[in-house]
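Enquirer: Predicted structure and sequence below. I'll ask about it afterward.
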Amino acid sequence: MKEFISDFNKLVKLRLTLTVVFSASISFLIGATQQGDIIWFNWALLTLGGFLVTGAANGFNEIIERDLDKLMERTKDRPLPAGRMTNGQALVLSVFMGIAGTLVLVNLNFIAGLISVFSIFLYAFVYTPLKQKSPIAVWVGAIPGALPPLIGYYAAFESAGFGLAYAAVSEKAIVITPLVLFAIQFFWQFPHFWAIAWVADDDYKRAGFRLLPTTRRDKLSAWMLFISAVLMIPVGFLPMYYGFGGWIFTGVSLIGALMFAWYGYQHLQKMEISTAKKIMFTSFAYLPITQLVLLLDFKPF
């Protein structure tokens, strides 16, 4: 049983899944704050549905990449490449999680459920095969990677069909706020994933993955990483600009963005794995911290 739990955690990429669920759950609380009513049972349903849907997407990803995972040090001990789980077993688990998670989210909020289905499809069946073909995979993958805030935010609202019950809510609350949350997480992924790609490039090459902007650790890739880090500065001002983020969030976001930019500049000068790691670790801290601060400093319309 202990081995199955360990293998299940690796199949669903537990740390990644929990990060995604955290993002969605914080966005749910932001949406609930906008309404003035937090329904904790619905929050628990969102957490469960989000976990299942994300786990399903990661499971499909590992099924597709089973033979490639054997080639990389960081993934060769996953249950499929290591032979501790069959494709059939992983498929049954992934399909079950995908259906169950989607049903939970659809019943919670139709739009949230619809976005979750789109997210699974885009991540598992578009982004995953693209990783071997073109660096554009990072751009495609950034879309499903930024959808959890949308799913979480909309899940906080009651809906009947395509948003009919949103009629009493302001347009800014149902359009601007979730799109800004999406934008922040979308832009964050470029310094995040390109830094990881720089650090893990040797391992990725064994599987034929092309995730750096030029597919190489060269000056242009370093420039792209630096530019993506600098872009986090204006992105962090969006909540204040649109009227739902306060000074505390903006200040914390600015500090994080300046760290991104400074480490990005250092990396541009040295182009070392150690400098890319500084960007990578900054990205690990930036998103959960700024999301929590935004929840505490959120200004409802």
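Expert: Sure thing, it's come through. None of these values were measured; they are calculated from a predicted model.
Enquirer: how distant is stretch 121-131 from the center of its chain?
Expert: Relative to its parent chain, stretch 121-131 has a centroid offset of 14 Å by Cα atoms, centre = their mean, to the nearest Å.
Enquirer: For it, measure first residue to last.
Expert: Terminal residues of stretch 121-131 lie 15 Å apart, using Cα to Cα, to the nearest Å.
Enquirer: Tell me which residues of that stretch come out buried.
Expert: Neighbour-count burial for stretch 121-131 flags 122-124, 127-128, 130-131 (criterion: 16 or more other Cβ atoms under 10 Å). Quick note: C-beta positions are derived from backbone N, CA and C, even for glycine.
Enquirer: Just the mean pLDDT for it, thanks.
Expert: Average pLDDT, stretch 121-131: 96.
Enquirer: hang on, the earlier thing: greatest separation within the buried residues of stretch 121-131: which pair is it?
Expert: Leu122 and Lys131 (13.1 Å; Cβ to Cβ).
Enquirer: what's the domain layout of this protein?
Expert: 1-169, 174-300 (the TED database).
Enquirer: how far does the last one stretch from start to finish?
Expert: If I follow you right, that is domain 174-300. The first residue of domain 174-300 is 11 Å away from its last residue (Cα to Cα).
Enquirer: Asp77 reaches Lys10, doesn't it?
Expert: Yes: applying Cβ atoms under 8 Å, one finds Asp77 in contact with Lys10, separated by 7.5 Å.
Enquirer: The two: who's more crowded?
Expert: Just comparing Asp77 and Lys10: by other Cβ atoms under 10 Å the higher neighbour count belongs to Lys10, 19 against 13.
Enquirer: Follow the chain on from the worst-scoring helix or strand of the chain on mean pLDDT and name the next helix or strand.
Expert: Ranking every helix and strand in the chain by mean pLDDT, DSSP states H and E puts helix 171 at the bottom, with a mean of 80. Counting by DSSP states H and E, the element after helix 171 in chain order, helix or strand, is helix 177-199.
Enquirer: Only the buried residues of that following helix, if you could.
Expert: For helix 177-199, the buried set under the neighbour-count rule, 16+ other Cβ under 10 Å, comprises 177-182, 184-199.
Enquirer: Extract the C-alpha trace of that helix and format it as CSV.
Expert: Output in CSV follows, covering the C-alpha atoms of helix 177-199 (Å, rounded to 0.1, in the frame of the first residue of the first chain):
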residue,chain,number,x,y,z
THR,A,177,-10.5,40.3,-12.2
PRO,A,178,-10.3,36.7,-13.4
LEU,A,179,-8.5,37.7,-16.6
VAL,A,180,-5.9,39.7,-14.6
LEU,A,181,-5.4,36.6,-12.4
PHE,A,182,-4.9,34.6,-15.5
ALA,A,183,-2.5,37.1,-17.0
ILE,A,184,-0.3,37.2,-13.9
GLN,A,185,0.1,33.4,-13.8
PHE,A,186,0.5,33.3,-17.6
PHE,A,187,3.5,35.7,-17.6
TRP,A,188,5.0,34.2,-14.5
GLN,A,189,5.4,30.8,-16.3
PHE,A,190,8.0,32.1,-18.8
PRO,A,191,10.8,33.0,-16.3
HIS,A,192,9.7,29.9,-14.3
PHE,A,193,9.9,27.3,-17.1
TRP,A,194,12.8,28.8,-19.0
ALA,A,195,14.8,28.9,-15.8
ILE,A,196,14.0,25.2,-15.2
ALA,A,197,14.7,24.4,-18.8
TRP,A,198,18.1,26.1,-18.5
VAL,A,199,19.0,24.1,-15.4
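Enquirer: quick revisit: next, show the common contact partners of Leu122 and Lys131.
Expert: With contacts defined as Cβ atoms under 8 Å, 6 or more residues apart in numbering, no residue is shared by Leu122 and Lys131.
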